[in-house]
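> please work out how this folds:
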Amino acid sequence: MTRMFSDMSTWHAMAALCGCALIALLLSGCGEEPVVVTSETPDVSIAPPYNRQQIANFRGIAEPRSDAWEELVRDLPRLQADGINTAMISPPVLISQRAGGKPRVGLEGSAGSAPGNIEDLHRAGIAVFLAPTTTMAGFPPQVEPTDATMSHLNEDTIRWATTAEQTQSELFSPLSQFNLALGTETAGRWSSQILPQIREIYHGDVVAMVVPDMAGYHATGTAHDFELLNYTGYDYLLVDLFPAEDPFSQDRFDFQVSDVILRAIAIAQRDGLKGVMIQCGAWREAAGADTVVGPQLGEEGQARVTGRVLELTSPQKYPQVKGVFFHGWTLPGRGARDFAVEQTLRNAFGEMSKTAP
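Numbers count the residues shown, from 1 in each chain. You can find the predicted model right below:
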């Protein structure tokens with residue numbers, strides 16, 4: 001009993017001392033605004049989180065192979081000197097389903113490296129366009145749209161939409177060339193189902209990426225394949241403009257480019273989009289594991305054709321064009337780095353940057 005009263009006395013004494021200290025602290029601050037420190041008070045030593053940029057015109061380079069993303073990061077000063085303000089990176093999806101059911105090692109590896117590379121690009125002021133793809137070395141873009149395949153595609157797409165939001169990527173596409181990958185009818189159904197789910201997760205601009213014609217051939221005067229889809233709910237429509245016919249005719253290709261861009265603008269207006277974008281490129285030579293689709297133009301021919309596409313679709317000519325992406329930085333047989341087409345891009349992007357940030 002004596003021990004208990006002794007402990008109680010000690011506790012009361014400590015409480016009294018604490019009370020006196022609190023009173024003294026309050027009195028010492030009389031006449032001044034009290035300083036309240038809470039858990040919400042920001043730590044100025046920590047940099048604020050990245051906020052996605054507002055870009056009026058995207059001048060971009062695409063790096064479709066995940067094992068080459070680090071090349072973009074190492075070349076950041078060069079990208080900036082070339083007038084590039086956006087990098088498109090395309091993680092592969094549906095890997096195991098197309099590789100005999102093997103573990104999805106490629107996808108897991110890409111997912112682990114993407115946030116770090118995106119952060120490096122953002123730190124240098126380069127916007128990011130995250131665009132999953134079914135195209136990878138040794139595989140055609142087309143997939144068989146079975147129930148199992150579509151279920152896995154949904155999982156992969158939602159996963160990358162989550163990554164795009166967490167990293168504050170400026171642009172996101174559910175699937176690159178999705179009409180070619182799935183076929184027009186399936187692509188339309190899938191797009192209408194997946195887009196509302198993406199909108200719940202990702203709050204940047206969503207881009208519908210298509211090829212004009214799945215067979216690579218278009219009869220003059222008829223509707224292109226991409227015109228059969230509804231893009232309501234997207235922010236931008238991106239169409240690929242690659243020379244496909246061999247032998248190559250510049251006049252015929254010029255007509256095709258002009259026809260597609262005018263039709264794309266009309267579709268964007270029809271469905272209430274902010275505008276259109278293009279992805280262009282051309283083969284110099286056969287290389288790597290890819291199958292060459294289209295003419296092999298050599299280094300000077302690649303640069304000349306790319307320059308012509310950029311001229312025919314320039315934002316100065318068509319204000320509705322909000323973005324231009326060249327397909328490939330290090331891509332074997334068609335990448336821009338160290339080839340004549342890099343100077344073509346630098347010249348064109350330099351002109352674009354004079355009129356848009």
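> can you pull out the strands in the stretch 101-250 of the chain?
Shown for the stretch 101-250 of the chain, the strands assigned by DSSP state E, counting those that start in this stretch span residues 127-130, 171-172, 205-210, 236-241.
> doesn't Gly307 fall inside a helix?
Yes. Under DSSP: H, G, I helix; E, B strand; the rest coil, Gly307 sits within a helix.
> right, and it touches Glu351 too?
No. Gly307 lies out of contact with Glu351 (CB atoms under 8 Å); the separation is 11.2 Å. C-beta coordinates here come from the backbone N, C-alpha and C atoms, glycine included.
> show me which of these two is the more surrounded one.
The residue with more neighbours, out of Gly307 and Glu351, is Gly307; 18 against 15, by other CB atoms under 10 Å.
> gap between the closest residue to that one other than its chain neighbours and Arg59?
Closest residue to Gly307 apart from its sequence neighbours, by CB to CB, 6 or more residues apart in numbering: Thr344 at 4.7 Å. Distance, Thr344 to Arg59, by CB to CB, to the nearest Å: 13 Å.
> centroid-nearest residue for this structure?
By CA atoms, centre = their mean, the mean C-alpha position of the chain lies nearest to Phe129, the distance being 1.7 Å.
> need the pLDDT of that one.
Predicted confidence (pLDDT) for Phe129: 98.
> is it in a bridge, and if so with what?
Beta-bridge partners recorded for Phe129 (DSSP bridges): Met88, Leu171.
> list the contacts for Val206?
The contact partners of Val206, taken as CB atoms under 8 Å, 6 or more residues apart in numbering, are 171-174, 195, 198-199, 233-236.
> between these, which is nearest Ile55?
Nearest to Ile55 among these is Leu171, at 8.9 Å by CB to CB.
> ok so, going back, can you redo the strands of the stretch 101-250 of the chain as JSON lines with distance to Ala268?
Listed next are the strands of the stretch 101-250 of the chain as JSON lines, based on distance: least, CB to CB, whole Å:
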{"stretch": "strand 127-130", "distance to Ala268": "17"}
{"stretch": "strand 171-172", "distance to Ala268": "15"}
{"stretch": "strand 205-210", "distance to Ala268": "10"}
{"stretch": "strand 236-241", "distance to Ala268": "5"}
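> ok but Arg78 is inside a helix, no?
Yes. Counting by three-state DSSP, Arg78 is found in a helix.
> and it, how far from Gly333?
Distance from Arg78 to Gly333, by CB to CB: 20 Å.
> then Phe129?
Distance from Phe129 to Gly333, by CB to CB: 22 Å.
> what of Leu262?
Taken as CB to CB, the span from Leu262 to Gly333 is 30 Å.
> neighbour count for the two, which is higher?
Ranked by neighbour count (other CB under 10 Å), Leu262 and Gly333 place Gly333 first, with 16 against 13.
> check what pLDDT the residue nearest to the more buried one when sequence neighbours are not counted gets.
Distances taken as CB to CB, 6+ apart place Ala287 nearest to Gly333, at 3.3 Å, with adjacent residues excluded. Looking at Ala287, its pLDDT stands at 87.
> who's in contact with Ala215?
Asp225.
> ugh, typo on my part, it should be Phe129
For Phe129, counting by CB under 8 Å, 6+ apart, the contacting residues are 58, 60, 62, 86-89, 169-173, 207, 325.
> export those residues to TSV and append columns for pLDDT.
TSV is the format used below for the contacts of Phe129 (pLDDT from 0 to 100):
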residue	pLDDT
Phe58	97
Gly60	97
Ala62	94
Thr86	98
Ala87	97
Met88	97
Ile89	94
Ser169	97
Glu170	98
Leu171	98
Phe172	98
Ser173	98
Val207	98
Phe325	98
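> output the residues you listed as a markdown table; include the columns distance to Glu70 and neighbour count.
Shown next, in a markdown table, are those (distance: CB to CB, whole Å; neighbours: other CB atoms under 10 Å):
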| residue | distance to Glu70 | neighbour count |
| --- | --- | --- |
| Phe58 | 22 | 27 |
| Gly60 | 18 | 25 |
| Ala62 | 15 | 26 |
| Thr86 | 18 | 23 |
| Ala87 | 12 | 27 |
| Met88 | 15 | 29 |
| Ile89 | 11 | 26 |
| Ser169 | 17 | 27 |
| Glu170 | 20 | 21 |
| Leu171 | 21 | 27 |
| Phe172 | 21 | 25 |
| Ser173 | 22 | 28 |
| Val207 | 24 | 28 |
| Phe325 | 19 | 25 |
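> before we move on, back to that, tell me the phi and psi of the residue nearest to Gly307?
phi -60, psi -50 (degrees, to the nearest 10).
> what's the burial count for it?
If you count neighbours by other CB under 10 Å, Thr344 ends up with 21.
> okay, now Glu200: neighbour count?
10.
> quick one: contacts for it?
Contacts of Glu200 by CB under 8 Å, 6+ apart: none found.
> mind checking pLDDT for it?
97.
> sorry, back to before: which of the contacts of Val206 fall in helices?
In this view, the contacts of Val206 that belong to helices under DSSP state H are 195, 198-199.
> who wins for most neighbours among those?
Going by other CB under 10 Å, Ile198 tops the ones in helices among the contacts of Val206 with 23 neighbours.
> so that one sits right up against Leu175, yeah?
No. Ile198 sits out of contact with Leu175 when judged by CB under 8 Å, with a separation of 10.6 Å.
> shared neighbours of those two, anything?
Counting by CB under 8 Å, 6+ apart, the contacts common to Ile198 and Leu175 are Thr157.
> could you pull out the helices for the stretch 51-200 of the chain?
With helices called from DSSP state H, counting those that start in this stretch, the stretch 51-200 of the chain shows them at 69-74, 76-81, 105-123, 147-166, 178-182, 184-201.
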